[in-house]
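# Provide a 3D model corresponding to the input given below.
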Amino acid sequence: MPLDRRTFLGSSAAAGAGAALAGGVAGPAEAVGRQHGGGHGHGRPAQRYSFTVLGTTDMHGNVFNWDYFTDKEFDDADHNDVGLAKISTMVEGIRHEKGRRNTLLIDAGDTIQGTQLSYYYARIDPITAKRGPVHPMAQAMNAMGYDAAALGNHEFNYGIPVLRKFESQLDFPLLGANALDAKTLKPAFAPYVMKKLRSPEGREVRVAILGLTNPGIAIWDKANVQGKMTFPGLEEQAAKWVPKLRSMGADVVIVSAHSGADGTSSYGDQVPYVENAAALVAEQVPGIDAILVGHAHVEIPERRVVNKASGKEVVLSEPLKWGQRLTVFDFDLVWERGCWKVERVGSRVLNSNTAVEDRKITSLLLDEHRKVIAYVNEVIGTSTVAMTTVDAPWKDEPIIDLINHVQAETVKAALAGGEWAALPVLSQASCFSRTAVIPAGDVTIKDAAGLYPFENTLEARLVTGAQIKDYLEFSAQYYVQTAAGAPVDTSKLTNAGNTPDYNYDAVSGLTYEIDIAKAAGSRIANLMFEGKPLDPAAQFVLAVNNYRASGGGNFPHVAAAQQVWANSDEIRNTIIAWVTAAGSVDPSAFASVDWKLTRDGTPVF
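Here you go, the predicted structure:
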């Protein structure tokens, strides 16, 4: 049944927090549970109750098993499938097996960004417009009967107004105990929800779901949240809220955390809170039974972490991104000494490629799906040759040069006639997708947008030659050290130290070599500007995306560098507009081999 949102959110953040503190109970799921046998004192059977919590995370705007960038059914090397429509079929199957009233469905964030479907309803036909549409993710999740979802960092990509509108369209709460109003330091979203289940004997079982989001939002979406919201650490806020939930009578405490489990942070010490803190929460905060993990895009069927204070195990599970997996937590409770005790918790993940799409979901959103397909197939220009990113992680490819060319030209035009117009402009770009293609012939919106799947915007920062050298050395950590003369296997050459592709930057406007035979930190060789060795003291303007400029990836210098220009339009749109204006994309006009991999000076390729 739909939740009464007034339980959680008032007319202001403070009111919302107050309402949550006042009770936080909504949508009781009155249930006749499943009973298990077993002896319990004087020959009487113990009262037992079992229930199941289903979890998704990092859906990133995926409803259909469809790739809008290739305009065909989604597929990958492991033959994963994606989308809420497939997840819905699996959820309904488990509800039928376990009893609908003995199941809960939750999510761990990153819901409204990632596909052209989600982009279309944030920017092209925005949900914030007067009498605007209902977001497809809201429609699907409402139809599936979600009980709660944690906030992800990408929820903030389109700005707080879009997020608040999306929140208002949901029949369940968006949770974020560590998303605080910057002025009052009170929760800006509902911190938790308390769900009521019922045992076969009619005993109430209170299940608290605490939502935690990522402290990195303060960096990654600084432009949208600075001065409005603040994001303290997960451990700190869990330690505050879990005892409150227990004192309110929670029999079971589940955390939905948009935070990975490995204890690392991509932003170094720029924020004094851990990015991937789920296991730390389990270890440090007593009173938690299970954690649905998000953010890291890895699969964790079941991980058990021992809490240091209580000695009890906490079960963690993370389903793979985009709806490729569904986490299933099974809880067994026993009634002892006047209260429920958690006797056992287990978790597993199910692969969505075994499920058909739920027609309830696909038929609900077929019109929206067709609108977006028509939009992404609009022709905006032509290309003289085909370009792909297949080799871009280890070669300077024209398709990445296109991104850098558009960014550099945009910044030069913006600075023309001003204080910084005389400075040379460099640009950074990453290979965000290894399957992006600009075909020969007609170029569509989906082709151009496929180069840039993220909602990053463009900035210009002042840097020196010495800082650029440091920047390139940091970027070159991406490569696995490979001795001169040793075989080169491109499948094992990149992503050293689990560095994702989007944290390897190629910089245009310079020429340089990356010697992968050398240790990280001493790989950049023959760094030249206009045919001469780069002057460490020379000044440059760096065209850089806002994620990197805000400290994303923890690259040196750029976050502290002076900003001389910034744009609010997505780089994706800037590329689309450039192709539209140019009419024709001709790599001979902008592409050049500015960098290459070497070993002791000998080119690798």
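# isn't Leu402 up against Thr388?
No - contact between Leu402 and Thr388 fails when scored by C-beta atoms under 8 Å: they sit 11.6 Å apart. Just so you know, the C-beta spots here come from the backbone N, C-alpha and C atoms, and that holds for glycine as well.
# between those two, which is the more surrounded one?
Legend: neighbour count by other C-beta atoms under 10 Å for Leu402 and Thr388, higher for Leu402 (23 against 15).
# and that one, helix, strand or coil?
helix (DSSP: H, G, I helix; E, B strand; the rest coil).
# the helices in the stretch 251-400 of the chain, which residues?
If DSSP state H, counting those that start in this stretch is used as the criterion, the helices of the stretch 251-400 of the chain fall at 278-284, 359-364, 366-376, 398-415.
# which elements pack onto the second one?
Right, the one you point to is helix 359-364. Applying 3 or more C-beta pairs under 8 Å, 6 or more residues apart in numbering; DSSP states H and E, one finds that helix 359-364 contacts helix 84-98, helix 136-144.
# starting at the chain centroid, how far to it?
25 Å (C-alpha atoms, centre = their mean, to the nearest Å).
# do the same with the third one
Using C-alpha atoms, centre = their mean, the distance from the centre of helix 366-376 to the centre of the chain it belongs to is 23 Å.
# and the contacts of that helix?
With C-beta atoms under 8 Å, 6 or more residues apart in numbering as the test, helix 366-376 has contacts from 63-64, 66, 68-69, 71, 116-117, 120-121, 124-125, 133, 136, 362, 444-446, 449.
# which ones among those are found in helices?
Under the assignment DSSP state H, the contacts of helix 366-376 contribute 116-117, 136, 362, 445-446, 449 to helices.
# which one (most neighbours) among those?
Leu117 (28 neighbours).
# surely it and His135 touch.
No - if you go by C-beta under 8 Å, Leu117 and His135 don't touch, sitting 9.5 Å apart.
# can you pull the residues that touch both of the two?
With C-beta under 8 Å, 6+ apart, Leu117 and His135 have no common neighbours.
# who are the contact partners of Asp125?
132-133, 371.
# swap that for Leu326, sorry
By C-beta under 8 Å, 6+ apart, the contact set of Leu326 is 54-56, 87, 90-91, 319, 349-350, 352.
# out of these, who's nearest Gly417?
Among the contacts of Leu326, Thr56 lies closest to Gly417 (C-beta to C-beta), at 50.6 Å.
# contacting residues for the closest residue to that closest one other than its chain neighbours?
Of all residues not flanking Thr56 in the chain, Asp107 sits nearest, at 4.8 Å (C-beta to C-beta, 6 or more residues apart in numbering). Residues in contact with Asp107 (C-beta under 8 Å, 6+ apart) are 55-57, 59, 141, 146, 148-150, 256, 292, 294.
# what do you get for Pro243?
Pro243 neighbours (C-beta under 8 Å, 6+ apart): Gly287.
# per-residue pLDDT, it?
On pLDDT, Pro243 comes in at 98.
# could you measure it against Ile254, distance?
Note on Pro243: its distance to Ile254, by C-beta to C-beta, to the nearest Å, is 15 Å.
# one more: Thr111?
Thr111 is 18 Å from Ile254, by C-beta to C-beta.
# domains for this structure, by residue range?
5-371, 378-603 (automatic domain parsing).
# tell me which of these sits most buried.
With neighbours taken as mean count of other C-beta atoms under 10 Å, these reach their highest mean count in domain 5-371, at a mean of 20.
# if we can go back for a sec, mind putting the contacts of Asp125 in TSV, distance to Phe432 included?
Below are these laid out as TSV (distance: C-beta to C-beta, whole Å):
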residue	distance to Phe432
Gly132	29
Pro133	28
Lys371	25
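# out of these, which one sits closest to Val345?
Nearest to Val345 among the contacts of Asp125 is Pro133, at 39.7 Å by C-beta to C-beta.
# my read: the closest one touches Tyr121, true?
Yes - counting by C-beta under 8 Å, Pro133 does reach Tyr121; the two are 6.0 Å apart.
# quick check: neighbours shared by these two?
Common neighbours of Pro133 and Tyr121 (C-beta under 8 Å, 6+ apart) are 127, 368.
# returning to that earlier point: could I get the contacts of Asp125 as a markdown table with pLDDT and distance to Glu302?
Listed next are the contacts of Asp125 as a markdown table, based on pLDDT from 0 to 100; distance: C-beta to C-beta, whole Å:
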| residue | pLDDT | distance to Glu302 |
| --- | --- | --- |
| Gly132 | 96 | 41 |
| Pro133 | 98 | 39 |
| Lys371 | 98 | 40 |
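# pull up the overlap in contacts between Leu402 and Thr388.
With C-beta under 8 Å, 6+ apart as the test, Leu402 and Thr388 both reach Ile438.
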